[in-house]
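*Asks:* Here is a sequence with its predicted model. Questions after.
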Amino acid sequence: MSQFFYIHPDNPQQRLINQAVEILRDGGVIVYPTDSGYALGCMIGDKHAMDRIIRIRHLPEGHNFTLVCSDLSELSNYSLVTNNVYRLIKNNTPGRYTFILTATKELPRRLMTSKRKTIGIRVPDNNIALALLNTLGEPILSCSLMLPGEEYFTLSDPEEIRNLLENQVDLIIHGGYLGQDPTTVVDLTVEPPVILREGSGSTTPFI
């Protein structure tokens with residue numbers, strides 16, 4: 001059965017953030033809040049935890065996972081970006097966007113889509129998520145928390161999440177009742193950018 005932490009959305013308790021990070025480092029799968037609903041997350045290098053997320057979500061082969069980052073300082077470690085693309089990302093982060101970028105060779109192949117070798121990158125505008133990332137010291141491998149078969153709405157009620165997933169994850173963080181719209185997904189590997197999914201982030205900057 002999973003642990004259940006109540007973490008303040010504006011002033012996250014560092015003691016609980018530290019415990020959550022230890023669960024991640026021990027191979028755990030967590031549910032945590034972002035600025036566009038709740039997400040499932042694990043360590044980048046933990047294949048077993050990643051496979052658990054795939055089973056929870058019933059994800060198809062080749063699903064584009066996302067690296068949730070605290071800022072853009074790690075962008076070049078995991079993706080290839082031109083100056084124009086970097087400026088476009090910088091002008092729209094932190095925010096409710098997932099950017100699809102060409103992955104670097106440093107990224108494990110299992111994290112990339114098999115055909116295009118891409119990875120999703122995002123910087124959330126959420127205090128709990130940023131506290132986790134800053135304490136962990138590296139991105140969290142993530143995907144939106146949607147029920148199998150659901151494509152448009154993330155789970156937003158932590159109590160409902162607890163009822164559904166308490167036997168499938170190691171930690172659920174209650175960070176408030178959030179919206180149900182996932183991120184807007186923007187493919188920046190092509191010119192002009194292509195909106196792959198219209199979500200909670202405005203598409204105007206990319207049109």
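*Replies:* Nice, I can see it. Numbers count the residues shown, from 1 in each chain.

*Asks:* The protein: strands as residue ranges?
*Replies:* 3-6, 30-34, 37-42, 66-68, 79-80, 97-103, 118-122, 140-144, 171-174, 184-187, 194-197 (DSSP state E).

*Asks:* got the angle for the longest one vs strand 118-122?
*Replies:* Relative orientation of strand 97-103 and strand 118-122, computed by axes from the mean of the first three to the mean of the last three CA atoms, to 10 degrees: 140 degrees.

*Asks:* Tell me which strands strand 97-103 pairs with, and in which orientation.
*Replies:* Strand 97-103 pairs in its sheet with strand 79-80 (antiparallel), strand 118-122 (antiparallel), strand 184-187 (parallel), by DSSP bridges.

*Asks:* quick one: least confident helix or strand in this structure?
*Replies:* helix 75-78 (a mean of 89; mean pLDDT, DSSP states H and E).

*Asks:* Buried residues, it. List them.
*Replies:* By neighbour count with 16 or more other CB atoms under 10 Å, helix 75-78 contains the buried residues 75, 78. C-beta here means a position set from N, CA and C on the backbone, and glycine is covered the same way.

*Asks:* And the contacts of that helix?
*Replies:* With contact meaning CB atoms under 8 Å, 6 or more residues apart in numbering, helix 75-78 is reached by 67, 69, 81, 86, 89, 103-104, 106-107, 119, 121, 139.

*Asks:* Equivalent analysis for stretch 97-111, please.
*Replies:* Under CB under 8 Å, 6+ apart, the answer for stretch 97-111 is 44-45, 47, 50, 64-67, 76-81, 85, 89, 112, 116-122, 141, 183-189, 196, 201.

*Asks:* among the residues you listed, which ones are buried?
*Replies:* Using 16+ other CB under 10 Å, the buried ones in the contacts of stretch 97-111 are 44, 50, 64-67, 78-79, 81, 85, 89, 112, 118-122, 141, 183-189, 201.
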